[in-house]
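Peer 1: Provided below are the primary sequence and the corresponding predicted coordinates.
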Amino acid sequence: MAGEAEARYIKARQEALLERLNARKLDALVVTRPANVFYLTGFRGSAGIALFTARASSLLVDPRYTLQAQDQAVGVEVSEVTDGLLHAAGHSVRKARVKRPAFEDASLTVSEFQALKRAAPAALDWQPAGEAVEELRAVKDPLEVENIRQAGELTAQVFADVERTIRPGVSENDLAAEIEYRMRTRGADGAAFETIVASGPRGALPHARPTGRVLRAKELVIIDLGAILGGYASDMTRTVHLGKPSRRTVALYRAVLEAQMKGIESLKAGVQARSVDGAARHALTKRHLAKFFTHSTGHGVGIEIHERPRLAKSEKKKIPPGSVVTVEPGIYLEGLGGVRIEDTVLVSQNGAEILTPAPKSPWWVE
Ligand code: ZN
Ligand code: ZN
């Protein structure tokens, strides 16, 4: 059963959605994306469709999820269906007597939409919802912030747990497995994404999957990890050097750390996303390293690991207060490896607060 506070926040999200639909003259939304269903109802099952209208809201689930939905869902009537969720959703739209319903075009496939449409009255004026729910999700309420904060703290603790394991002789796979095992034993629902351990030259691949490669002395290791807790993700990267680093390696690490700090310092509510990217990128440009920074500076984090807003070069949108984003500049040098430093941060009117509190120094091991 959802707690009282949790129920209040979920109802507030439902009201915000209805206002948004009303402003666009939409009289219903069929919510099919699981993360959006969770956000709007509290139901965490992997299959379920929610229907929101001004008069009534419902959650359709198949018999595997009836008990769970009754236990978790807030502010919606739970119905068990046995003839297919999309078919049942079409029928619910029919019963709701709406004229201009919206569907989640960003995630529903064409054939799924056809199935939904077939079960609903033919004369309806279906509208694409765009990212209506995703836009709401960009601003976290206090309950969500608390969940991400706990996920971030757990992630930092796991990094501290495994720090002594990051030594020559251990394989990338072993280290990744140890990290995910520690997440579980510390109470996480699981890993928010496949843990990245990229050692030596493999660090030049920004999204390297861990392999059987054994870590060696005098090389850099990128470790990118994040736990899910209470349905919310966190995302953090640390780079460690095995042995005393060369002057060049020190210069590379310091440049990325400075870029990350400049990015975080520039972050506050109301700034354009691209200016944060620019602040981080500029620190690397000064050291002629910007050409090795081949991805954008960050992304929103919440129920999913990649959400709005995006902190990219061309993103003119302003960052709203209550956003949770990553700041993660990195440089990738073929043959040598890479350095990336990433934190998940909460954006407010005054600035940004780090939610993944693992130290970034010392960053090499003797
Ligand atoms: Zn990451
Ligand atoms: Zn990330």
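Peer 2: Alright, I've got the coordinates. Numbers count the residues shown, from 1 in each chain. Ligands and ions are numbered 1, 2, ... in the order given.
Peer 1: which non-adjacent residue is nearest residue 198?
Peer 2: residue 208 (3.7 Å; C-beta to C-beta, 6 or more residues apart in numbering). Heads up, the C-betas are built off the backbone N, CA and C, glycines and all.
Peer 1: hang on, isn't that neighbour packed against residue 201?
Peer 2: No - Residue 208 is beyond contact range of residue 201, at 9.9 Å (criterion: C-beta atoms under 8 Å).
Peer 1: So which of these two has more stuff around it?
Peer 2: Between residue 208 and residue 201, counted using other C-beta atoms under 10 Å, residue 208 has the larger neighbour count: 20 against 17.
Peer 1: which residues touch that one?
Peer 2: Neighbour list for residue 208: 196, 197, 198, 202, 222 [criterion: C-beta atoms under 8 Å, 6 or more residues apart in numbering].
Peer 1: correct me, but the third one touches residue 330?
Peer 2: No - counting by C-beta under 8 Å, residue 198 sits too far from residue 330 to count as a contact (10.5 Å).
Peer 1: so of the contacts of residue 208, which ones are in strands?
Peer 2: Members of the contacts of residue 208 lying in strands (criterion: DSSP state E): 196, 197, 198, 222.
Peer 1: Quick check, the residue in the stretch 151-300 of the chain closest to ligand 2?
Peer 2: Closest residue of the stretch 151-300 of the chain to ligand 2, C-beta to the ion: residue 235 (4.2 Å).
Peer 1: The closest residue in space to residue 189 that isn't next to it in sequence bridge partners, please.
Peer 2: If you skip the residues right next to it in sequence, residue 189 has residue 228 as its closest partner in space, 4.4 Å away by C-beta to C-beta, 6+ apart. Beta-bridge partners for residue 228, by DSSP bridges, are residue 190, residue 233.
Peer 1: what about residue 228, how many neighbours?
Peer 2: Count around residue 228 with other C-beta under 10 Å applied: 22.
Peer 1: Isn't it up against residue 186?
Peer 2: No - checked against C-beta under 8 Å, the pair residue 228 and residue 186 is beyond contact range at 12.0 Å.
Peer 1: Which residue ranges make up each domain of the protein?
Peer 2: Taking automatic domain parsing as the reference, the chain has its domains at 4-136, 142-365.
Peer 1: Throw these into a markdown table and include mean pLDDT and distance to ligand 1, thanks.
Peer 2: Shown next, in a markdown table, are these (pLDDT from 0 to 100; distance: least, C-beta to the ion, whole Å):
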| stretch | mean pLDDT | distance to ligand 1 |
| --- | --- | --- |
| domain 4-136 | 96 | 18 |
| domain 142-365 | 97 | 4 |
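Peer 1: what's the distance between residue 181 and residue 356?
Peer 2: Plainly put, residue 181 is 19 Å away from residue 356 if you go by C-beta to C-beta, to the nearest Å.
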